[in-house]
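Enquirer: Predicted model and sequence follow; I will ask about them next.
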Amino acid sequence: MSKAHSKWLFKSSLTQFDQALASNYAMEIEPQVKFSQIPKVEIYDANTINSLVWPDTTESIEAKKFLLPLIKNGTSQYINNVTTELKVLKIDNTIIPITINFTEYDNSYVCSPYSYYITYAKHSIQHFSSEILKSLIKGGLWGLSKFFKSTKINQVVIVNNWLCSTNLFPSFDSTLIPTITTFLKQTYPQHTLIFRSVNEKIYPNYFQELKDNSYKMSASRQIFFTNTKDEKIFESRLFKSDTKLLQASGYEIIDGTQLSQQDIPRLLDLYNQVFIDKHSSLNPQLSANYIQLALDPQILQIRALRKNGQIDGVVGFTCRNGIMTCSLFGYDKVIPSQVALYRLLSTLLMLEAKERDLIFHQSAGASTYKKIRKAQDCIEYIAIYDKHLSLKQRLPWLLLTKLCNTLGIYFMKKY
């Protein structure tokens, strides 16, 4: 071999070595580049909330108005049957409330899986006509109650929990879900992680991202929603009849700015007549403090029906990320049914959603009323992450997922 050839081979080997070294170096630093791109998750509680720099967005301003008092003063000052540790996560410019619980079996279902699956089910079977079926289900629920308590079913972190029946998602990128999940399972390694109010019709991106990140989907209820961009809904004879009834009702429609502290007991009574007395004591039992807070238009948009100086019906709705839902709904049950207060308030909500060009999430219940007005239905789920837990803690969720996604869906649609 000539000296020139040997020299060429030596240079070539050096070049290959340099390229390989550069390649290995790139491989080593690439994860660091990716790691630096992972959004930072910060968590704030009652002791640190004053140090939170709230993002300068409409969603964040609204969240601050509602969450800050509840975190500082405690949730039970505003909702009588909710005892929980309320905190907030800050990821980029997004604020997400979380609740942390251990037992608290008497809590409203908004914080307690036990209340939702056991206590609420006990209340619901009273609607069944078959006494044999009632007895069978009661026996099953007694056994499940013991089992669920022994497996710590209420030891949960509920993400995006606004302490109401329907949790609207803020406008964050669904790809942040893996980051949120990793952070929470490291911070609360003994807790099940839960997202409520998940469905694939209104929130397809969140639904799919949760499934892709090993969340189990457990059917929770049948909900209804209306896309107000569909003009055919508002051109129907039935909706025109609804609006005509509202216009001819003699009621004055007032908003929260026209209400005062003197109206709070009446508003609270109307809510209790429907949500608590008619439906279930497991619904959030709001206090006067909550209603006072809700009168701020950046927390709830309140509309009331007033006639002859008396308020006979009230609604309070929230708009977030293109969706609207009503968390405050009440009317005087003593007033004759011919006045059709439920229909008047429902029509009022539809008009508010149409004016804002939003999807109206109508929650559950009154299925016949909603279906004949062209509302679409779908099954809503609780998304459950428990991969980091022991088999004992995962067992109730495995059982619930099987039951709720089969028999549960059947009963949701039937009853």
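Expert: Ah, there it is. Numbers count the residues shown, from 1 in each chain.
Enquirer: all contacts plus neighbour counts: C-alpha atoms, from now on.
Expert: OK.
Enquirer: List the contacts of stretch 156-175.
Expert: 59, 94-102, 110-111, 188, 191-197, 205-206, 209, 283-284, 320-321, 323, 325, 327, 363 (C-alpha atoms under 8 Å, 6 or more residues apart in numbering).
Enquirer: residues of that stretch that come out buried?
Expert: Across stretch 156-175, burial judged by 16 or more other C-alpha atoms under 10 Å covers 156-170, 172, 174.
Enquirer: Among those residues, name the ones in helices.
Expert: Residues of these located in helices (DSSP state H): none.
Enquirer: roughly how far apart are the residue sitting nearest the centre point of the chain and H388?
Expert: Nearest residue to the geometric centre of the chain (C-alpha atoms, centre = their mean): N167, 2.0 Å. Relative to H388, N167 is positioned 25 Å away (C-alpha to C-alpha, to the nearest Å).
Enquirer: can you tell me which of the contacts of stretch 156-175 are in helices?
Expert: Those of the contacts of stretch 156-175 mapping onto helices are E59, N205, Y206, E209, per DSSP H.
Enquirer: now the strands for the stretch 201-350 of the chain?
Expert: Ranges of strands in the stretch 201-350 of the chain, per DSSP state E, counting those that start in this stretch, are 216-227, 252-255, 301-307, 310-320, 323-331.
Enquirer: Using TSV, please lay out the ones you listed together with mean pLDDT.
Expert: Putting the strands of the stretch 201-350 of the chain into TSV (pLDDT from 0 to 100) gives the following:
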stretch	mean pLDDT
strand 216-227	96
strand 252-255	97
strand 301-307	97
strand 310-320	97
strand 323-331	98
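Enquirer: would you turn the ones you listed into CSV with distance to I409 and mean neighbour count?
Expert: Shown next, in CSV, are these (distance: least, C-alpha to C-alpha, whole Å; neighbours: other C-alpha atoms under 10 Å):
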stretch, distance to I409, mean neighbour count
strand 216-227, 7, 23
strand 252-255, 38, 16
strand 301-307, 33, 21
strand 310-320, 27, 20
strand 323-331, 23, 24
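Enquirer: Any idea which of those strands gets closest to E131?
Expert: Nearest of those to E131, taken as C-alpha to C-alpha: strand 216-227 at 23.6 Å.
Enquirer: Can you pull out the low-pLDDT segments for the stretch 101-250 of the chain?
Expert: 127 (pLDDT under 70).
Enquirer: Now do the same for E30: its pLDDT.
Expert: What the model reports as pLDDT for E30 is 35.
Enquirer: returning to that earlier point: output the strands of the stretch 201-350 of the chain in JSON lines; the columns should cover distance to Y271.
Expert: As requested, the strands of the stretch 201-350 of the chain are exported to JSON lines (distance: least, C-alpha to C-alpha, whole Å):
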{"stretch": "strand 216-227", "distance to Y271": "20"}
{"stretch": "strand 252-255", "distance to Y271": "16"}
{"stretch": "strand 301-307", "distance to Y271": "12"}
{"stretch": "strand 310-320", "distance to Y271": "8"}
{"stretch": "strand 323-331", "distance to Y271": "4"}
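Enquirer: Of the ones in helices among the contacts of stretch 156-175, which is the most crowded?
Expert: Of all those, Y206 has the most neighbours under the rule other C-alpha atoms under 10 Å, reaching 21 neighbours.
Enquirer: Identify the residues contacting that residue.
Expert: Here Y206 is in contact with S174, V198, E200 (C-alpha under 8 Å, 6+ apart).
Enquirer: In terms of helix, strand or coil, where does the closest residue to the second one other than its chain neighbours fall?
Expert: The spatially closest residue to V198, leaving aside those adjacent along the chain, is Y381, at 5.1 Å (C-alpha to C-alpha, 6 or more residues apart in numbering). Counting by DSSP: H, G, I helix; E, B strand; the rest coil, the backbone at Y381 sits in strand.
Enquirer: follow-up on the earlier one: return the member of the ones in helices among the contacts of stretch 156-175 nearest to S115.
Expert: Of the ones in helices among the contacts of stretch 156-175, the one sitting nearest to S115 (C-alpha to C-alpha) turns out to be Y206, at 25.3 Å.
Enquirer: now that closest one: how far from L184?
Expert: Relative to L184, and taking C-alpha to C-alpha, Y206 is found at 17 Å.
Enquirer: Surely S214 is in contact with A383?
Expert: No. If you go by C-alpha atoms under 8 Å, S214 and A383 don't touch, sitting 9.3 Å apart.
Enquirer: so who does I180 touch?
Expert: V41.
Enquirer: May I ask which helix or strand encompasses it?
Expert: Secondary structure from DSSP states H and E places I180 in helix 177-187.
Enquirer: The stretch 1-150 of the chain: helices as residue ranges?
Expert: Taking DSSP state H, counting those that start in this stretch as the criterion, the stretch 1-150 of the chain carries its helices at 3-37, 58-73, 113-114, 120-124, 131-150.
Enquirer: who's in contact with the shortest one?
Expert: The contact list for helix 113-114 (C-alpha under 8 Å, 6+ apart) reads Y105, S145, F148, I153, N154.
Enquirer: D296 touches G256, doesn't it?
Expert: Yes. Assessed by C-alpha under 8 Å, D296 is found in contact with G256 at 7.4 Å.
Enquirer: count of neighbours near I132?
Expert: Neighbour tally, I132, other C-alpha under 10 Å: 10.
Enquirer: Apologies, that question was intended for T58.
Expert: T58: 11 surrounding residues under other C-alpha under 10 Å.
Enquirer: Against P170, how distant is it?
Expert: 11 Å.
Enquirer: Next: I100.
Expert: In terms of C-alpha to C-alpha, I100 sits 20 Å off from P170.
Enquirer: do the same with Q155
Expert: Where P170 is concerned, Q155 sits at a distance of 25 Å (C-alpha to C-alpha).
Enquirer: What of P69?
Expert: For P69, the distance to P170 equals 19 Å [C-alpha to C-alpha].
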